[in-house]
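Chemist: got a predicted model here, sequence first, then my questions.
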Amino acid sequence: MALVGRKNEQSELLRLLDSEQAEFIMVYGRRRVGKTYLIREAFKNKFAFYMTGMNGVSLSEQLQNFSSSLVLASGNSNIPKPESWFDAFEQLRNYLQNLDAPKKIIFLDELPWMDSKDSKFLSALEHFWNSYASATKNIKLIVCGSAASWMVKKIVENHGGLHNRITYKLKLNPFDVTETKAFLESKNIYWDNRTISECYMALGGIPYYLNLLSSKLSFAQNLDALFFSETALLDGEFKSLYASLFLHSEEYTAIIEILSRKKVGFTRDEIISQLKVSDGGGITRKLTELEQCGFIRKYKALGKVTYLYQLIDFYSLFYFSFLEKGKDYDKDTWMHLQNSSTYKTWCGLSFERFCIAHAEKIKSILGISGISTKTYSFYSPEAQIDMVIERGDRVVNLFEMKYTDLAYSLDKKDAASLENKMLCLQSKLKKRQSIMNILVTTSPMKQSPYSSRLIQRNITLDEIVE
């Protein structure tokens, strides 16, 4: 399958390939997001050396893996198995020095798995780069890993021999909904925009999950095949997802489970209280690692003194809404669930996250991409606003998001709620700022006496997807 989207990322990688200097490129991002596929496609698999780390194996097994990769790359079966990582990188250096190629691309995939305990992998990598690769203009070293926290801590924030050695850093994010639609169409899946948005709210624009969808099945049938059938393709995915990224992953999933209980999130102290652990215990580190991997976000809402941590990973939200308690559903589970209160609650919550995830697209729709903006949430005892965009032209956009089957109409009750939010927000703003209300809906809103007075702009789902 041809690479869909990622145009800016491809352009940057090709620019680095054509540069006249050695490049140390770091690519990281959430597991299943398509990092390896992007690199393989961008460089057409033309690697001088390519190795993928192995999870949970011994140093000896990792070195054997390296040896096998070097034999495959060089075609020389007489290369002995290295006794250490220093030995391994020396073998790689000798091979590259004798290789006649205009560009020598080295791709080390799943780098964190190579750094097993007491292996001295990082020291050997530092020595390889500093003593040889950095001075060889046609060397392009690409390191990649799903454990984003490890990549940031050990490579970006390295205080040893790799300090400030990275020449380019790329964090690969999930597809947005427009890229998701393009990806599905490349698989001959042509769903309406509402179905695509629901697909996004379940799978989160993760290419690996999207690639499992079948054009021969409806969306509901696909979800049943992925999650609810006896032979579900993604059965056990939640545990394996976190286990592949974190040592003692149950401590991380415990935090995720807590954050799934409250849509606005919890403060650090509230999380500690829910976990029933002593202050400390690495909670701050775990929260930082979850944030770096893209599962949660740390933010300070207007009206709040301390930071909040909020679950933003769509798949994890879906898991805790429908899968956590196990599969005890009948055939055609997803169709049956669509009549449940759980489904309606999930739709509302996930659509709010959907809009926040597409804040940049929404700014473009509003024509304010060129204006200085600040996006945040607002919470007080009297009102909660999930998304506010404060603009440099002294306008503040207050967003209401409504995921409904029928055309939404602002009634008297919702109008009173919106007016209360405006008053609470205005009390925290500067006097010269004015509020404009934006309603985001699944289909064009139905006009009412209240909407004509209170709503300045209606953004539809079609505008965000297209």
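Modeler: Ah, there it is. Numbers count the residues shown, from 1 in each chain.

Chemist: which other helices and strands contact the helix or strand of the chain with the lowest mean pLDDT?
Modeler: Using mean pLDDT, DSSP states H and E, the weakest-scoring helix or strand in the chain turns out to be helix 148-151, at a mean of 86. Judged by 3 or more Cβ pairs under 8 Å, 6 or more residues apart in numbering; DSSP states H and E, helix 148-151 is in contact with strand 23-28, helix 111-114, helix 283-292. C-betas here are computed from N, CA, C, even on glycine.

Chemist: next, Phe66: phi, psi?
Modeler: phi -60, psi -50 (degrees, to the nearest 10).

Chemist: distance of it from Leu92?
Modeler: Counting by Cβ to Cβ, to the nearest Å, the gap from Phe66 to Leu92 is 8 Å.

Chemist: with Asp18 instead?
Modeler: Shown here: Asp18 relative to Leu92, a distance of 23 Å by Cβ to Cβ.

Chemist: pLDDT weak spots in the stretch 351-466 of the chain?
Modeler: For the stretch 351-466 of the chain, no stretch is flagged by pLDDT under 70.

Chemist: mind jotting down where the strands sit in it?
Modeler: Here the stretch 351-466 of the chain has its strands, by DSSP state E, counting those that start in this stretch, at 373-379, 384-391, 395-402, 434-441, 457-460.

Chemist: ok, the third one: who's next to it in the sheet?
Modeler: Translated: strand 395-402. In the sheet, strand 395-402 lines up against strand 384-391 (antiparallel), strand 434-441 (parallel) (DSSP bridges).

Chemist: tabulate those (JSON lines), appending distance to Leu162.
Modeler: Formatted as JSON lines, these follow (distance: least, Cβ to Cβ, whole Å):
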{"stretch": "strand 384-391", "distance to Leu162": "39"}
{"stretch": "strand 434-441", "distance to Leu162": "44"}
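
Chemist: possible to save those strands as CSV with distance to Gly160 and mean neighbour count?
Modeler: Listed next are the strands paired with strand 395-402 as CSV, based on distance: least, Cβ to Cβ, whole Å; neighbours: other Cβ atoms under 10 Å:
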stretch, distance to Gly160, mean neighbour count
strand 384-391, 41, 19
strand 434-441, 48, 19
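
Chemist: where along the stretch 101-250 of the chain do the helices fall?
Modeler: Along the stretch 101-250 of the chain, counting by DSSP state H, counting those that start in this stretch, helices occupy 111-114, 121-131, 148-151, 177-186, 193-203, 207-210, 219-223, 237-243, 249-259.

Chemist: now the fourth one against helix 193-203, angle please.
Modeler: Following axes from the mean of the first three to the mean of the last three Cα atoms, to 10 degrees, one obtains 100 degrees for the angle between helix 177-186 and helix 193-203.

Chemist: any idea of the mean pLDDT in stretch 275-295?
Modeler: Stretch 275-295 shows a mean pLDDT of 86.

Chemist: just the endpoints, please. Distance across it?
Modeler: 18 Å (Cα to Cα, to the nearest Å).

Chemist: so the residue of the chain positioned farthest from its centre: helix, strand or coil?
Modeler: Going by Cα atoms, centre = their mean, the residue of the chain most distant from its centre is Asn78, 42.5 Å out. Secondary structure assignment for Asn78 (DSSP: H, G, I helix; E, B strand; the rest coil): coil.

Chemist: so what's it scoring on pLDDT?
Modeler: Asn78 is given a pLDDT of 92.

Chemist: next one: it relative to Leu287, how far apart?
Modeler: To Leu287, Asn78 is 50 Å away according to Cβ to Cβ.

Chemist: again, but for Asp100
Modeler: As defined by Cβ to Cβ, Asp100 lies at a distance of 49 Å from Leu287.

Chemist: same question, Leu213
Modeler: To Leu287, Leu213 is 32 Å away according to Cβ to Cβ.

Chemist: ok, Val177 next?
Modeler: Relative to Leu287, Val177 is positioned 27 Å away (Cβ to Cβ).

Chemist: more crowded one of the two?
Modeler: Higher neighbour count among Val177 and Leu287: Val177, with 22 against 19, using other Cβ atoms under 10 Å.

Chemist: ok, now which ones touch the more buried one?
Modeler: Applying Cβ atoms under 8 Å, 6 or more residues apart in numbering to Val177 gives the contacts Ile196, Ser197, Tyr200, Gly205, Phe354, His358, Ile464, Val465.

Chemist: who touches the first one in this structure?
Modeler: Neighbouring residues of Ile196 by Cβ under 8 Å, 6+ apart: Val177, Thr180, Lys181, Leu184, Val465.

Chemist: looks to me like Lys44 is in a helix.
Modeler: No. Counting by three-state DSSP, Lys44 is not part of a helix but coil.

Chemist: pLDDT score for it?
Modeler: In this model, Lys44 is scored at 91, pLDDT.

Chemist: please apply the same query to the one 3 residues further on.
Modeler: At Phe47, the model reports a pLDDT of 97.

Chemist: do the same with Ala2
Modeler: Here the pLDDT value assigned to Ala2 is 66.

Chemist: ok, now the one 3 residues further on?
Modeler: Listed pLDDT for Gly5 reads 81.

Chemist: what does His163 give?
Modeler: Looking at His163, its pLDDT is 83.

Chemist: again, but for Ser146
Modeler: With respect to pLDDT, Ser146 scores 88.

Chemist: enumerate every residue touching it.
Modeler: Tyr28, Gly29, Arg30, Arg31, Val33, Lys35, Glu110, Pro112, Ser244, Leu245, Cys293.

Chemist: swap in 6 Å and give it another go.
Modeler: Arg31 (Cβ atoms under 6 Å, 6 or more residues apart in numbering).
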